[in-house]
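*Asks:* Using only what follows, build the 3D model:
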Amino acid sequence: MERKVTKTAFITLGLICFLFVMIPAAAFSWSQATHAYIVDRLGARAGHDNLDEMWGSVAPDFFNYIFDPGLCPGWIADQTQGTYADTFLKVWNSADTNAEHALAYGFVSHNQQWGADHTAHVSCRTCGEDDGYIIVKAKFLLNAPVDPANPEQTFGDVFASLGMNPDMALLVAHEVTEEAIDIRLRNEVDPLIGRKLATAARNETKRFQPLLVKAFAADYAAFCFGGDSSTAASELTAAEKGHRKDMIFLGQAISQSEPVAAQLLAEQLVGVLSELGFSVSVETVKAAIFSSIAICDDYKAEIDATVEFVGENLEDHGITYSPKSGPRKTGSGGL
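*Replies:* Residues are numbered from 1 along each chain as shown. Take a look at the predicted model:
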């Protein structure tokens, strides 16, 4: 079966459109560097200090780069990020070694039910809106002027003039918002977060692949491949490998100075939009990134609140472990 996986770190807007239609839960999450930062804080608080947790925290999005319907991306993405604990806890409950539990700890921290993604796209903790933080800020960006000297023209107007419908425009604004937060996080809070992310993707966290297969291959095979476990395992492994390349690029990009990072990410997004038939300039996307950087001036409070929220929920659901004594086992997360 043919695989369709991105070969570069460029976020595929065609894929994002697919995700928006097929699995809305996968959209409007924190970006990967932010997930890595959140679990890095949680791990440090618990006395852990390893890259496995960081890789685990970004791994649930590994199928966001797959959009071949024959590979059932909606199903697997819902399994890894989904609403129900009996899906995303499969990784935790499949872990046996301390290293696997470190990976699984990060993985579970990502979930949308009571993990980091909950505050990103379900209910923010500090923004005072009945929506996730990323959604709220993306909507603000669409209403922001492209040029302060000409406040009548907003980014929403520009995207509409390019033929984007409101959903597509919101998805582009969402992507820009995530990038802006990653840039600010690296520049203002953790100068090494990009390097940590890239290192985690290169590290011996490759033992995550057999854990992923243990957790999901049988069900994936039954759902998508007529019980062919070999194909299911192969597709899971290939997708996770592609995700590593993407995370290395992202880590390297945000490790640059703010202007350079914005330029790289703008060029990336313009290239993808061009392939989709939208002719937008790099300068416009850079302006959107810088505008979003300003709009997200309260991002740190939301991330701090998310760290507390996720930490409490991990503890409440029995997702704890000690590198020396091992994990506390859990069944369905108490739900």
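
*Asks:* mind listing the strands in this protein by residue range?
*Replies:* Using DSSP state E, the strands of the chain run over 145-147, 150-154, 321-322, 326-327.

*Asks:* Of all those, which one is nearest residue 200?
*Replies:* Shortest distance between residue 200 and those, using CB to CB, is found for strand 321-322: 18.1 Å. (Glycine included, C-beta is placed from N, CA and C.)

*Asks:* Report the strands that pair with that closest one, each with its relative direction.
*Replies:* strand 326-327 (antiparallel) (DSSP bridges).

*Asks:* Averaged pLDDT, the partner strand. What do you get?
*Replies:* For strand 326-327, the mean per-residue pLDDT is 54.

*Asks:* related to what we said a few turns ago, least reliable of the strands of the chain going by mean pLDDT?
*Replies:* Mean pLDDT is lowest for strand 326-327 out of the strands of the chain, coming in at a mean of 54.

*Asks:* biggest helix in this structure by residues?
*Replies:* Secondary structure assigned by DSSP state H gives helix 229-254 as the longest helix of the chain.

*Asks:* could you say what helices and strands it packs with?
*Replies:* helix 32-45, helix 166-188, helix 193-202, helix 208-224, helix 258-275 (3 or more CB pairs under 8 Å, 6 or more residues apart in numbering; DSSP states H and E).

*Asks:* got the ones you listed as a markdown table, with mean pLDDT columns?
*Replies:* Below are those laid out as a markdown table (pLDDT from 0 to 100):
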| stretch | mean pLDDT |
| --- | --- |
| helix 32-45 | 92 |
| helix 166-188 | 95 |
| helix 193-202 | 94 |
| helix 208-224 | 96 |
| helix 258-275 | 90 |
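
*Asks:* Can you check which of the strands of the chain gets nearest to residue 219?
*Replies:* With CB to CB as the criterion, residue 219 lies closest to strand 326-327 of these, at 22.1 Å.

*Asks:* which parts of the longest helix of the chain are buried?
*Replies:* 231-240, 242-254 (16 or more other CB atoms under 10 Å).

*Asks:* Quick check: mean pLDDT of it?
*Replies:* Summarised as a single mean, pLDDT over helix 229-254 is 94.

*Asks:* burial measure for residue 277, as a count.
*Replies:* 8 (other CB atoms under 10 Å).

*Asks:* Pull the contacting residues for residue 106.
*Replies:* Residues in contact with residue 106 (CB atoms under 8 Å, 6 or more residues apart in numbering) are 39, 43, 52-59.

*Asks:* Looking at these, which one is closest to residue 305?
*Replies:* residue 39 (15.3 Å).

*Asks:* OK, contacts around that closest one?
*Replies:* Residue 39 makes contact with 53-54, 56-57, 105-106, 109, 116 under the criterion CB under 8 Å, 6+ apart.

*Asks:* Ok, which of the strands of the chain comes nearest residue 191?
*Replies:* strand 321-322 (28.6 Å).

*Asks:* Off-centre distance for that closest one?
*Replies:* 25 Å (CA atoms, centre = their mean, to the nearest Å).

*Asks:* likewise stretch 136-156?
*Replies:* Stretch 136-156 sits 25 Å away from the centroid of its parent chain (CA atoms, centre = their mean).

*Asks:* Now tell me what touches it from outside.
*Replies:* When contacts are defined by CB under 8 Å, 6+ apart, stretch 136-156 is touched by residues 28, 124, 127, 129, 157-159, 169-170, 173-174, 176-177, 284, 287-288, 291-292, 295-296.

*Asks:* If any of the residues you listed are buried, put those into a ChimeraX selection.
*Replies:* To isolate the buried members of those in ChimeraX, using 16+ other CB under 10 Å:
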select :28,124,127,158,159,169,170,173,174,176,177,284,287,288,291,292,295,296
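
*Asks:* For the stretch 51-200 of the chain, just list every one of the helices.
*Replies:* For the stretch 51-200 of the chain, the helices defined by DSSP state H, counting those that start in this stretch cover 51-58, 73-81, 85-88, 90-94, 98-109, 116-121, 133-142, 155-161, 166-188, 193-202.

*Asks:* from those helices, which stretch is densest packed?
*Replies:* Among the helices of the stretch 51-200 of the chain, helix 51-58 has the highest mean neighbour count (mean count of other CB atoms under 10 Å), at a mean of 28.
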